[in-house]
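Participant: Predicted structure and sequence below. I'll ask about it afterward.
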Amino acid sequence: MSRKVADCRRFPSESGCTLTITGEEEEVLRAAADHAVAVHGHADSPELRDQVRGMLEDEKAHA
């Protein structure tokens, strides 16, 4: 299974957040949604989780 990345730097925010979360898709989804709620003030909802899932990228292999 490929690892996924959620990187706050790719999405503008007033806080200038630099957090990057990497892991298996479901754990990154859960952690990124929790972060969006706790730090960025979003409401936890199925729509938020769908949005987060849509922003996940495959982790690039390290050389």
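Facilitator: Arrived safely.

Participant: in stretch 14-26, what's buried?
Facilitator: 17, 21, 23 (16 or more other C-beta atoms under 10 Å). Heads up, the C-betas are built off the backbone N, CA and C, glycines and all.

Participant: and which of these is nearest G54?
Facilitator: Set against G54, the nearest of the buried residues of stretch 14-26 by C-beta to C-beta is I21 (15.0 Å).

Participant: Show the contacting residues for the closest one.
Facilitator: 5-7, 28, 31-32, 35 (C-beta atoms under 8 Å, 6 or more residues apart in numbering).

Participant: what do you get if the cut-off is 10 Å, keeping everything else the same?
Facilitator: Taking C-beta atoms under 10 Å, 6 or more residues apart in numbering, we find I21 in contact with 4-8, 27-32, 34-35, 52, 56.

Participant: out of the buried residues of stretch 14-26, which one sits closest to A43?
Facilitator: Using C-beta to C-beta, C17 is the member of the buried residues of stretch 14-26 that sits closest to A43, with 17.6 Å.

Participant: Tell me where the chain has strands.
Facilitator: Ranges of strands in the chain, per DSSP state E, are 4-7, 20-23, 57-58.

Participant: As a markdown table, those strands with distance to H40 and mean pLDDT would be great.
Facilitator: Formatted as a markdown table, the strands of the chain follow (distance: least, C-beta to C-beta, whole Å; pLDDT from 0 to 100):
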| stretch | distance to H40 | mean pLDDT |
| --- | --- | --- |
| strand 4-7 | 12 | 95 |
| strand 20-23 | 13 | 97 |
| strand 57-58 | 19 | 95 |
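
Participant: export these to a markdown table and tack on distance to S13?
Facilitator: Listed next are the strands of the chain as a markdown table, based on distance: least, C-beta to C-beta, whole Å:
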| stretch | distance to S13 |
| --- | --- |
| strand 4-7 | 12 |
| strand 20-23 | 14 |
| strand 57-58 | 18 |
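
Participant: Local confidence estimate at G16?
Facilitator: Here the pLDDT value assigned to G16 is 85.
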